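K.L.:
sequence first, then the predicted structure, then my questions.
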Amino acid sequence: MTGPRLLVKAASLLLPSWARDRYQAEVVAELADLGRGHRWGHAAGFAATIWGLRMAVLRSAAEGRGFPAPPRSCLWGVHHRWRFAWTEDGRRFRVCERCGLDDPRSGHTTTNPSAAGVILMGPPQ
């Protein structure tokens with residue numbers, strides 16, 4: 001792997017994992033079209049603007065979830081305000097009430113065992 005590609009790969013680590021491969025592949029394809037003398041400049045430009053790209057990707061994702069103005073602390077990944085929510089089949093997970101992000105650590109969800117959960121969601125299937 002060449003130097004500019006390594007720089008792109010390292011810079012793209014700041015992107016959310018679900019968007020990282022797409023942007024990394026796009027910039028690597030652009031590098032392949034450039035002459036040898038322009039590759040480092042293009043890779044450095046990508047690395048210099050990666051934080052803005054991260055903010056744009058996260059803001060767009062939040063808007064897609066119906067949260068038009070998520071706080072910067074959510075976008076930076078510093079502080080979320082988690083609450084519990086339930087899927088249609090009664091599984092519990094955590095979601096940020098300010099930006100709508102699902103908590104990636106709540107992948108091992110459990111069925112809502114409370115009486116209210118059974119009344120609202122029906123018995124576990």
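P.N.:
In hand now; what should we look at?

K.L.:
quick one: secondary structure of the nearest residue in space to Pro68 that is not next to it in sequence?
P.N.:
Closest residue to Pro68 apart from its sequence neighbours, by Cβ to Cβ, 6 or more residues apart in numbering: Ala62 at 7.8 Å. (Glycine included, C-beta is placed from N, CA and C.) Using DSSP: H, G, I helix; E, B strand; the rest coil, the secondary structure recorded for Ala62 is helix.

K.L.:
could you chop the protein up by domain?
P.N.:
3-64, 82-121 (automatic domain parsing).

K.L.:
least confident of these, on average?
P.N.:
Among the domains of the chain, domain 82-121 carries the lowest mean pLDDT, a mean of 70.

K.L.:
phi, psi of the residue positioned nearest the centre of the chain?
P.N.:
The centroid of the chain falls nearest to Pro16 when counting by Cα atoms, centre = their mean (4.0 Å). Here is the backbone geometry of Pro16 (degrees, to the nearest 10): phi -60, psi 150.

K.L.:
hmm, it is touching Met55, no?
P.N.:
No: under the criterion of Cβ atoms under 8 Å, Pro16 makes no contact with Met55, lying 10.8 Å away.

K.L.:
check contacts around Glu97.
P.N.:
Contact analysis of Glu97 by Cβ atoms under 8 Å, 6 or more residues apart in numbering lists 81-83.

K.L.:
I'd like the next helix or strand past the host helix or strand of Glu30.
P.N.:
Using DSSP states H and E, Glu30 maps to helix 17-33. Going down the chain from helix 17-33, the next helix or strand is helix 36-48, by DSSP H and E.
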